[in-house]
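Asks: I need the structure of the sequence given here:
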Amino acid sequence: MPIEIFDIVDEDDEVIGKASREECHNKGLIHRSVMFFVFDEESRVLVTKRTKTKDFFPEYWSIVLGGHVSADESYEKAAKREVEEELGLKLAPFFIAFFKKRIPEEKENVRVYGVVTNEEPILNKEELEEGEFYGLDELKGFLKKHDFLPETRILMPILMEYLSSQSNGN
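Replies: Numbering: from 1, shown residues only. The predicted structure follows:
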């Protein structure tokens with residue numbers, strides 16, 4: 001497997017160097033990633049369970065999919081690539097939000113996108129065990145019963161604000 005190289009960035013998201021995936025994670029270097037919500041035409045969100053082979057938080061649930069931004073790659077290009085890799089779908093991601101993920105396991109500057117599909121996603125079985133679409137009320141109940149990724153506490157308000165803006169016609 002080829003070595004993944006990421007841009008190292010500062011708190012202002014300016015590129016200050018390059019490092020391998022392993023080095024970024026082992027040394028706590030800030031790098032970039034993309035996450036995206038997958039919506040169906042009824043504005044339900046795809047909730048997925050990670051495989052037991054994931055580096056961080058195996059078998060945890062997530063309300064987003066995503067991945068790292070490679071060195072010299074734009075957030076937008078990475079989002080489009082990740083949608084295709086994770087779901088087997090060619091969709092145009094749209095920007096929703098930005099946040100800084102700072103947990104002991106990983107330090108990332110994250111752009112959050114969304115995609116809408118009426119197609120059945122083809123989950124990448126190397127990364128995801130299962131997935132299903134949930135409405136917001138169903139999702140809130142599901143969150144109380146299962147282990148979700150740490151960034152879910154940041155992503156839920158982003159999701160709720162986005163869905164609220166859509167229902168208000170913005």
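
Asks: name the element the residue minimising distance to the centre of the chain belongs to?
Replies: What sits nearest the mean C-alpha location of the chain, by CA atoms, centre = their mean, is residue 35, with 2.4 Å. Remark: residue 35 resides in strand 31-39, with elements defined by DSSP states H and E.

Asks: Identify the bridge partners of the residue nearest to the centre of the chain.
Replies: Partner residues in beta bridges with residue 35: residue 66, residue 112, with DSSP bridges as the criterion.

Asks: mind checking the longest helix of this structure?
Replies: As assigned by DSSP state H, the longest helix anywhere in the chain is helix 152-167.

Asks: mind listing the strands in the chain by residue range?
Replies: Per DSSP state E, the chain has strands spanning 5-9, 15-20, 31-39, 45-50, 61-62, 65-68, 94-103, 106-116, 128-134. These are given in chain order.

Asks: want to try a markdown table for the ones you listed, with mean pLDDT as columns?
Replies: Rendered in a markdown table, the data for the strands of the chain read as follows (pLDDT from 0 to 100):
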| stretch | mean pLDDT |
| --- | --- |
| strand 5-9 | 98 |
| strand 15-20 | 98 |
| strand 31-39 | 97 |
| strand 45-50 | 96 |
| strand 61-62 | 97 |
| strand 65-68 | 94 |
| strand 94-103 | 95 |
| strand 106-116 | 96 |
| strand 128-134 | 94 |
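
Asks: Pick the most buried one from those strands.
Replies: The highest mean neighbour count among these belongs to strand 31-39 (a mean of 24), with neighbours defined as mean count of other CB atoms under 10 Å. Bear in mind the C-beta positions are built from the backbone N, C-alpha and C, glycine included.

Asks: hang on, isn't residue 150 packed against residue 103?
Replies: Yes. Proximity of residue 150 to residue 103 meets the contact threshold set by CB atoms under 8 Å, at 5.3 Å.

Asks: dump the residue contacts of the closest residue to residue 36 other than its chain neighbours.
Replies: Spatial nearest neighbour of residue 36, excluding adjacent residues (CB to CB, 6 or more residues apart in numbering): residue 113 at 4.1 Å. The neighbours of residue 113, taking CB atoms under 8 Å, 6 or more residues apart in numbering as the test, are 34, 35, 36, 37, 79, 93, 94, 95, 96.

Asks: Many thanks, I have nothing further to ask.
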